[in-house]
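A.B. asks: based on what follows, work out the 3D shape:
(chains A and B)
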Amino acid sequence: MDEATYQLVREKLIEVDDFVQATGTLMRTKAGEISVHVRELALLSKALSPLPVIKQQVQDDGTIREFGEFSDTESRYRQRYADLAVNHDVRDVFIQRAQIIRTIRQFMDSEGLLEVETPILQPVYGGAAARPFITHHNQLDEDLFLRISFELYLKRLLVGGYDGVYEIGRDFRNEGVSFKHNTEFTMLEFYKAYIDYNGVMDITERMLAAVAMAVHGRTQAPYQGSVIDYTPPWPRRTVREAIREEAEIDYMDYPDATSLEAAIFDWLPAEERREFQRGQPWGKLIEHLLGAAVEKKLIQPTFITDYPRDISPFAKRVAGDDVHVERFEFYIAGMEMGNAFTELNDPRDQAARFEEMARLFRADDDDAAPTDDDYLRAMRYGMPPNGGFGMGIDRLIMLMTGQRSIRDVLLYPHLKQTGR
RNA sequence: GGCCCCGUAGCUCAACGGCAGAGCAGUUGACUCUUAAUCAAUUGGUUAGAGGUUCAAAUCCUCUCGGGGUCACCA
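C.D. replies: Residues are numbered from 1 along each chain as shown, chains lettered A, B, ... in the order given. So this is what the prediction gives:
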């Protein structure tokens, strides 16, 4: 480079983290390093603060040795730009995230499902048991809820004549955060006419196998020391079987909440009894027992099927069985990944379910499903039989990219505001 | 929200009742150089914040703020 340009560099007017444009001849230095013999140099952008320093050296054996690091979790999340600028493996996670979502979208399209968008701001929330965020429209002077699921809006579209629809988008739930919960998270839901929950299980298996194939080139993927095998078919166990095997309780022996509660209380380890919440409905008790006794053991992909009716207001009954519905959840690496059922499409049964929920839960209970009259009206026009499905995309991305926390697959995870 | 752990320089960490330190970054000077770091010198702190105990507090106690974990909650 010429004398004037060299002086700029020497005087450190141009330094690490600046953006520059160089014109010149590609060359190799005496030490063998590829370099540029610079004729012209232009400063494109000046860095005023240095980034946290990380330098990498490729060793003779090909391993990369790192010097210095930027690892403070809070700083990394609050200043994701610096995290990305400095930690290449973090950048890679979000490239894989885009690839996974693209794969899911292609898979859904190839299944003949139509991608749609439905309201995020809803006058009546529903489709899940969660506390919503409430906001307000000033000019219309009405309260609105941020959606907790897409379910009821999507199923209305089947009434409209589409044979299958799906949506990938954000849900908002006003509840605690954890390594697998963020207040806003990305969900996939689909509804397909003329299949039941067995058909949905088939689609689920094939979809996740396709995602694993796209990310890893095979249907197995490592996660936290295990190798998760997504190859279909996955084991299918009923809730009743799973609980009978893991907790040695057959809840059908306890047909009412009082007796079942006593049985669970006896089963619980002494130190957990103090925390045990009394007075829950029958189905809720079963669900808790499933969570306590079974969930963490389900490392390989597993369908758990046939849930209690009283906590599943939108699922169709199992034929000839008044207490169970055609519903499944699937578990991977000890995490609940998704929830699906043969959708209830009988408007009279649906109205009865809303009434049952109102009896079972107080209106402000998270589990209460507020009656959605417009949804009932849609169903009265005739809704085709269909199978529906919901899955937390962020959790799937955790599995596929080997991340332990949902915060590591979200560019901007929710953090508490710092003062001022 | 309960309980447990953590918060020291821009970054990564040490000091764990007795003078707040190191490496890197930064700054200054030298070098048409180097392959994480050329050499030399040097700046940098309300130890997250407030209060308390003590002759003396980064260190012990209380509260607040923030983070992590766990439980509750989360079909």
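A.B. asks: list the contacts of the closest residue to residue A:229 other than its chain neighbours.
C.D. replies: Leaving aside its sequence neighbours, residue A:229 sits nearest to residue A:220 (Cβ to Cβ, 6 or more residues apart in numbering; 5.0 Å). All C-beta atoms are positioned from the backbone trio N, CA, C, and that covers glycine. Going by Cβ atoms under 8 Å, 6 or more residues apart in numbering, residue A:220 touches A:212, A:227, A:228, A:229, A:230, A:231.
A.B. asks: could you check the pLDDT of the second one?
C.D. replies: pLDDT, residue A:227: 94.
A.B. asks: is it bridged to anything, and to what?
C.D. replies: As for beta bridges, residue A:227 partners with residue A:222 under DSSP bridges.
A.B. asks: near RNA strand B, which residues of the stretch 101-250 of chain A are found?
C.D. replies: Contact residues (Cβ under 7 Å from any atom of the strand) of the stretch 101-250 of chain A with RNA strand B: A:127, A:128, A:129, A:130, A:149, A:151, A:173, A:175, A:176, A:178, A:179, A:181.
A.B. asks: ok, of the residues you listed, which one's closest to residue A:86?
C.D. replies: Using Cβ to Cβ, the shortest approach to residue A:86 within these belongs to residue A:179, at 23.3 Å.
A.B. asks: any idea how far the closest one is from residue A:407?
C.D. replies: Residue A:179 is 8 Å from residue A:407, where distance means Cβ to Cβ, to the nearest Å.
A.B. asks: residue A:282 now?
C.D. replies: Distance from residue A:282 to residue A:407, by Cβ to Cβ: 36 Å.
A.B. asks: before we move on, what about residue A:263?
C.D. replies: 38 Å.
A.B. asks: out of the two, which sits in the busier spot?
C.D. replies: Of the pair residue A:263 and residue A:407, residue A:407 is the one with more neighbours under other Cβ atoms under 10 Å, namely 22 against 17.
A.B. asks: is that one in a helix, a strand, or coil?
C.D. replies: Here residue A:407 is recorded as helix under DSSP: H, G, I helix; E, B strand; the rest coil.
A.B. asks: contact partners for it?
C.D. replies: Residues near residue A:407 by Cβ under 8 Å, 6+ apart: A:73, A:77, A:179, A:182, A:413.
A.B. asks: per-residue pLDDT, the residue of the stretch 101-250 of chain A found nearest RNA strand B?
C.D. replies: Closest approach between the stretch 101-250 of chain A and RNA strand B, counting by Cβ to the nearest atom of the strand: residue A:176, at 3.0 Å. Note on residue A:176: pLDDT of 86.
A.B. asks: same check on the one 3 residues further on?
C.D. replies: The confidence metric pLDDT takes the value 92 at residue A:179.
A.B. asks: skip the chain neighbours and tell me the closest residue to it.
C.D. replies: Residue nearest to residue A:179 in three dimensions, not counting chain neighbours: residue A:405, with 4.4 Å by Cβ to Cβ, 6+ apart.
A.B. asks: picking that back up, and the contacts of residue A:407, which are buried?
C.D. replies: The neighbour-count test (16 or more other Cβ atoms under 10 Å) applied to the contacts of residue A:407 identifies A:77, A:182, A:413 as buried.
A.B. asks: now, which of these lie within helices?
C.D. replies: The helices, defined by DSSP state H, take in residue A:77 from these.
A.B. asks: tell me which of the buried ones among the contacts of residue A:407 is nearest to residue A:393?
C.D. replies: Checking the buried ones among the contacts of residue A:407 against residue A:393 by Cβ to Cβ gives residue A:182 as the nearest, at 11.4 Å.
A.B. asks: what's the spacing between the closest one and residue A:407?
C.D. replies: To residue A:407, residue A:182 is 7 Å away according to Cβ to Cβ.
A.B. asks: which residues are in contact with both of those two?
C.D. replies: residue A:413.
A.B. asks: check which helices and strands the strand ranked longest in chain A sits against.
C.D. replies: In chain A, taking DSSP state E as the definition, the longest strand is strand A:34-45. In this structure, strand A:34-45 makes packing contacts with helix A:3-10, strand A:19-28, judged by 3 or more Cβ pairs under 8 Å, 6 or more residues apart in numbering; DSSP states H and E.
A.B. asks: which residues are contacting stretch A:77-85?
C.D. replies: Residues from elsewhere that reach stretch A:77-85 (Cβ under 8 Å, 6+ apart): A:51-52, A:70, A:75-76, A:90-91, A:94, A:407, A:411-413, A:415, A:418.
A.B. asks: so which of these is the most crowded?
C.D. replies: residue A:407 (22 neighbours).
A.B. asks: just for the stretch 301-420 of chain A, where's the confidence low?
C.D. replies: For the stretch 301-420 of chain A, the stretches flagged by pLDDT under 70 are A:362-364, A:419-420.
A.B. asks: about what we covered before: between all of the residues of the stretch 101-250 of chain A next to RNA strand B, which two are separated the most?
C.D. replies: For these, the farthest-apart pair by Cβ to Cβ is A:151 and A:179; their separation is 25.5 Å.
A.B. asks: what residues does the stretch 251-400 of chain A put near RNA strand B?
C.D. replies: A:272, A:275, A:277, A:287-288, A:291-292, A:311-314, A:329, A:339, A:366-367, A:369, A:390.
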